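Engineer: Let me see the structure of the following:
(chains A and B)
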Number of protein chains: 2
Amino acid sequence: MHNYFSSAFKLGILGGGQLGKMMLYDTRKYDIQTYVVDPNPEAPCKIACNHFEKGDLMDFDTVVNFGRKVDLLTFEIETVNVEALEQLEKEGKKVFPSAETLRKIQDKGVQKEFYKANDIPTAQFVKYETKAELTEAIIRKERQFPFVWKSTTGGYDGKGVRVIKEQEDLIPVEEVPCIVEEMIRFKNELAVIVARSVSGEVKTYPVVEMEFHPEANQVEYVICPARIEAKVAQKAREVATKVSRTFEHVGLLAVELFQTQDDEILVNEVAPRPHNSGHYSIEASFTNQFEQHLRAILDLPLGNTDSKVGGVMVNLVGDENHEGNVYYQNIEKIMQMDGVTPHIYGKKQTRPFRKMGHVTIVNKDLSEARKIAEKVKNEIKVISRD
Amino acid sequence: MHNYFSSAFKLGILGGGQLGKMMLYDTRKYDIQTYVVDPNPEAPCKIACNHFEKGDLMDFDTVVNFGRKVDLLTFEIETVNVEALEQLEKEGKKVFPSAETLRKIQDKGVQKEFYKANDIPTAQFVKYETKAELTEAIIRKERQFPFVWKSTTGGYDGKGVRVIKEQEDLIPVEEVPCIVEEMIRFKNELAVIVARSVSGEVKTYPVVEMEFHPEANQVEYVICPARIEAKVAQKAREVATKVSRTFEHVGLLAVELFQTQDDEILVNEVAPRPHNSGHYSIEASFTNQFEQHLRAILDLPLGNTDSKVGGVMVNLVGDENHEGNVYYQNIEKIMQMDGVTPHIYGKKQTRPFRKMGHVTIVNKDLSEARKIAEKVKNEIKVISRD
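Structural biologist: Numbers count the residues shown, from 1 in each chain, chains lettered A, B, ... in the order given. Down below sits the predicted model:
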């Protein structure tokens, strides 16, 4: 067994964004050497890893050459070159989550087919290879409004997902392969983070409840635990566990779920990595999601996923009317509030709805945390100021 | 007011050890540019800051030149050149804690005189400029055994402090100025961390209880909250607050205290920085000590000092029979236990009693955390293995 605690072990991370940056904090607890590659030479991870390099994550040679430098490879974004991961695995390199698992998740069409084939409950869908195919289906009345349109690849932070209510909504839609899903009239959007280690130990985090910003299609509040019935929470954790096991996923898997009007649980989609819906865990959980991901991929025992206190997470996104050098207006005011911790990702430029950071609010009383979260949301603004 | 949240602000830290390293994690939440100087080119901070340089912290020019590069200067070790801090303050540089405060603390003789002058309860003491002076006092029977000998400067982690029970114990004592204190027959050794911001806002952490290793004179367990009566805890927090205010200290001040047999509170000594006795706060507190230190010196609102859960901290010190490349035996075993988080400082070489890391055990039930801490202590060993 490797000795992760004496500086010799080299962990590589594909992607240098905020998820990688927060994961790097926890590598410091373990004293692992860290390598990061990202196309952006000023990526948030740059200041927090041992070795940073600039490179295209979709380029085969870049990923293979990077992977050969490390003992174990993981990623913080799923748009990476899978053929390169397969090549590295052939060479005997440990890659977690595996290339095979990532292949099943990276393309949303393949992901949905996988749910269908494995009897995992999910919304009805149809795949279209081109925008023209979709348009024809509408003309032939095979497809009714409203529906949810999703690009099969590259979707992130609300990009690549649209609610289509009428013909005009399709005009800005990209010319890419897509899936179209029925609109679920859900009671709640939920998420469960599942940790599964190399040895197959599995633990789920409590169910969280997500509230989306109505315009930006980005999560506005994440609330842990979700304010739902225990039996619904139990079912959500069971479904999420099944998804993780069926993918034979190693590491963290964030499973986004719908709770339907009749309390069915449907899988919306998954992310094979630490996830925005788990940021609350830094302050609220016994073991935060980033430490848990490391435990899982290093095949260490998984930590306690329970919460110490109630947690609410607010995303800090760029104000829709501002673009330029970022300024966090009133951040001092929110820091006066009880149990409030801001996390700033270190991006210098703000843009409308760009994820710039998040704020966690913890409290022994969850409803109190939720109230404070609303005050936080009303007070802080991510604007530009030169 | 400075904008600490948009990457432009430069924080300098004198000293690159584990305290600095843990402080750096929290600077990442705020996105501050960080500069560190330390004599050891492989100091733990090196991998966690933006700009690292090798330099002697007692050298006037090194400290002045380093300080001129940053907007605000703090330290994680108190053996730094104070004249250099005074020079920087003259030039208008912000230095927190201030040179004036550090002068009163750095020399334990001066520190004790300060307590006396300000009516702060502390053990009786006598200062001796040389070892010969002390020996003469013993010969003249002015000084009885046992007593506590402390070097006036440079004491750290049990170095520079000795319990002298008989004449022979004095043989290995260094030829340096010292203070000699009466031995306090205490019920408990306690500590209180006080945060005081630039604007003078003050908050105290709950009282912690310290158990020392009988041979190494290093803390073995730190338990929060201390298992003492509420009125004793209240008194301890009041005394600590008085100490912080009297020093006009800015930042974190760790106040080590004795609870005497008749429940008096005596100040043992202070450390003007984050402290080993506050490491539990990373997992247990609403605001950890490192974040709180940053809030204090940046003049941000102080965070909630309450605990979310009970916490016990175990120091990981080098086994007394081992020296060489470090190996953390059974670390995987302790990670199976509930609520256990190891922190490894990244020192490659172990030596008898060297501080190599710590483990925090948190639990809603403090007595359960204490039991698990004992299991941790019995299981893990810091040894060498080549």
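Engineer: Write down the beta-bridge partners of the closest residue to A:Gly160 other than its chain neighbours, one by one.
Structural biologist: Leaving out its chain neighbours, the residue that sits closest to A:Gly160 by CB to CB, 6 or more residues apart in numbering or on different chains is A:Ser151, at 3.7 Å. All C-beta spots, glycine's among them, are computed from the backbone N, C-alpha and C. Beta-bridge partners for A:Ser151, by DSSP bridges, are A:Cys178.
Engineer: tell me the contacts of A:Ser151?
Structural biologist: A:108, A:160-161, A:174, A:176-178 (CB atoms under 8 Å, 6 or more residues apart in numbering or on different chains).
Engineer: 6 Å instead?
Structural biologist: A:160, A:176, A:178 (CB atoms under 6 Å, 6 or more residues apart in numbering or on different chains).
Engineer: now those in JSON lines, with neighbour count and pLDDT?
Structural biologist: Below are the contacts of A:Ser151 laid out as JSON lines (neighbours: other CB atoms under 10 Å in any protein chain shown; pLDDT from 0 to 100):
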{"residue": "A:Gly160", "neighbour count": "18", "pLDDT": "84"}
{"residue": "A:Val176", "neighbour count": "15", "pLDDT": "90"}
{"residue": "A:Cys178", "neighbour count": "27", "pLDDT": "94"}
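Engineer: now, which of the residues you listed sits nearest A:Thr122?
Structural biologist: Taking CB to CB as the measure, A:Thr122 sits nearest to A:Cys178 out of those, at 16.1 Å.
Engineer: Report the separation between that closest one and A:Lys165.
Structural biologist: Counting by CB to CB, to the nearest Å, the separation of A:Cys178 from A:Lys165 is 16 Å.
Engineer: What values do phi and psi take at the residue nearest to A:Asn40 when sequence neighbours are not counted?
Structural biologist: The shortest distance from A:Asn40 to any non-neighbouring residue, by CB to CB, 6+ apart, is to A:Gly16 (6.7 Å). The phi/psi pair for A:Gly16 (degrees, to the nearest 10) reads phi -120, psi 30.
Engineer: Do I have it right that A:Gly16 meets A:Pro41?
Structural biologist: No. Using CB atoms under 6 Å, A:Gly16 is not in contact with A:Pro41; the gap is 9.3 Å.
Engineer: circling back: now, among the contacts of A:Ser151, which is nearest to chain B?
Structural biologist: A:Gly160 (28.0 Å; CB to the nearest CB).
Engineer: Domain parsing of chain A, as residue ranges.
Structural biologist: Chain A is divided into the following domains under automatic domain parsing: A:10-95, A:124-182, A:186-384.
Engineer: Where among those is average confidence lowest?
Structural biologist: Of all the domains of chain A, the minimum mean pLDDT falls on domain A:124-182 (a mean of 88).
Engineer: Would you mind finding the longest helix in chain A?
Structural biologist: What stands out as the longest helix in chain A, according to DSSP state H, is helix A:230-247.
Engineer: Would you mind listing what in chain A touches chain B?
Structural biologist: A:5-7, A:25, A:29-31, A:47, A:50, A:286, A:300-301, A:304, A:308-309, A:326, A:328, A:331-332, A:335-336, A:338-339, A:343-344, A:346, A:348 (CB under 6 Å from any CB of the partner chain).
Engineer: List buried residues within the residues you listed.
Structural biologist: Among the residues of chain A next to chain B, those classed as buried by 16 or more other CB atoms under 10 Å in any protein chain shown are A:5-7, A:25, A:29-31, A:47, A:50, A:286, A:300-301, A:304, A:308-309, A:326, A:328, A:331-332, A:335, A:339, A:343-344, A:346.
Engineer: So which of the residues you listed sit within strands?
Structural biologist: Of these, the ones assigned to strands by DSSP state E are A:326, A:328, A:343-344.
Engineer: which of the residues you listed sit farthest apart?
Structural biologist: A:Val326 and A:His343 (14.0 Å).
Engineer: Compile the contacts of A:Ser151 into JSON lines and extend it with columns for distance to B:Ile184.
Structural biologist: Shown next, in JSON lines, are the contacts of A:Ser151 (distance: CB to CB, whole Å):
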{"residue": "A:Gly160", "distance to B:Ile184": "67"}
{"residue": "A:Val176", "distance to B:Ile184": "75"}
{"residue": "A:Cys178", "distance to B:Ile184": "75"}
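Engineer: Which strand residues bridge A:Ala191?
Structural biologist: Beta-bridge pairing of A:Ala191 under DSSP bridges involves A:Val208, A:Glu256.
Engineer: how close does it sit to chain B?
Structural biologist: The gap separating A:Ala191 from chain B is 22 Å, by CB to the nearest CB, to the nearest Å.
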